[in-house]
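**Student:** Make a model of this:
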Amino acid sequence: MLDYVIPLCLVIIGMALVLTMARLIKGPDLPDRILALDTLYINAIAILVLFGVWLGSDLYFEAALLIAVMGFIGTVAVAKYLLRGDIIE
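**Tutor:** From the prediction side, this is the model:
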């Protein structure tokens, strides 16, 4: 059963990635694009975790953890830039 569910989930999350990229490119204003970027890295984490489960490899989980940390740092930096206009004080 798991052999059918994981590829189906990979396809569904892949479609979510494509739709998120469209929102990132087309977004009407900056907050929509920032939200799309956050959603993009969360979907990338989901794809890596699912692929790691499918292959049974721990390497993909470590890559997903790195993407999560970098995405959090990027979100904090962009939020600080939007609030204050400067990242480093």
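**Student:** from here on, contacts and neighbour counts on C-alpha atoms
**Tutor:** Will do.
**Student:** and D32, how many neighbours?
**Tutor:** Neighbourhood size, D32 [other C-alpha atoms under 10 Å]: 15.
**Student:** correct me, but it touches L24?
**Tutor:** Yes. Using C-alpha atoms under 8 Å, D32 is in contact with L24, at 7.4 Å.
**Student:** Pull up the gap between F72 and P7, please.
**Tutor:** Distance of F72 to P7, given as C-alpha to C-alpha, to the nearest Å: 27 Å.
**Student:** before we move on, what about R84?
**Tutor:** Counting by C-alpha to C-alpha, the gap from R84 to P7 is 43 Å.
**Student:** Who has more neighbours out of these two?
**Tutor:** For R84 versus P7, neighbours defined as other C-alpha under 10 Å are more numerous around P7 (14 against 10).
**Student:** That one: which element?
**Tutor:** helix 2-26 (DSSP states H and E).
**Student:** so how far is the helix or strand just after that helix from its chain's centroid?
**Tutor:** Downstream of helix 2-26, the first helix or strand assigned by DSSP H and E is helix 30-55. Put simply, helix 30-55 sits 2 Å off its chain's centre (C-alpha atoms, centre = their mean, to the nearest Å).
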